[in-house]
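# pasting the structure only:
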């Protein structure tokens, strides 16, 4: 058993360090465009929920709870607030590439935007 441990751990280490990108997202996205800059979480951030789909509201609540649990920061949920730090949107015109569970995530120094065809995509985007 001990003879197998070292080769196994060596292979695992090589796989872990052979990643091309600094961004680790699981599952791997269909496409990823890395740009400069980053977004910093703040206390009392505004989370915008465009529309009132009850399942999409669950994704917003999950996002707010996750941020609070990890950082202690509270967030304020609003509808149709264009100046929000986080924007979660169910697309009015369906994006065929996204399907029912896909999402588009755009992060800039000023905001984070997650859009999807359905609430399931918003939930996966939040995760």
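Nice, I can see it. On a predicted model such as this, the values are computed, not experimentally measured, just so you know.
# tell me the strands in the chain, going along the chain?
Using DSSP state E, the strands found in the chain span residues 45-50, 75-78, 86-90, 103-107, 112-116.
# export those strands to a markdown table and tack on distance to residue 127?
(Glycine included, C-beta is placed from N, CA and C.) Shown next, in a markdown table, are these (distance: least, C-beta to C-beta, whole Å):
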| stretch | distance to residue 127 |
| --- | --- |
| strand 45-50 | 15 |
| strand 75-78 | 16 |
| strand 86-90 | 13 |
| strand 103-107 | 10 |
| strand 112-116 | 10 |
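# save the ones you listed as CSV, and put in mean pLDDT and distance to residue 31 too.
Shown next, in CSV, are the strands of the chain (pLDDT from 0 to 100; distance: least, C-beta to C-beta, whole Å):
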stretch, mean pLDDT, distance to residue 31
strand 45-50, 87, 23
strand 75-78, 90, 28
strand 86-90, 91, 19
strand 103-107, 91, 10
strand 112-116, 91, 15
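# which one of those strands lies nearest to residue 25?
Among those, the nearest to residue 25 by C-beta to C-beta is strand 103-107 (8.7 Å).
# so what strands line up beside the closest one?
Next to strand 103-107 in the sheet, as set by DSSP bridges, lie strand 112-116 (antiparallel).
# how far out from the middle of the chain is the longest helix belonging to the chain?
The helix spanning the most residues in the chain, taking DSSP state H as the definition, is helix 54-71. The chain centre lies 11 Å from the centre of helix 54-71; the measure is C-alpha atoms, centre = their mean, to the nearest Å.
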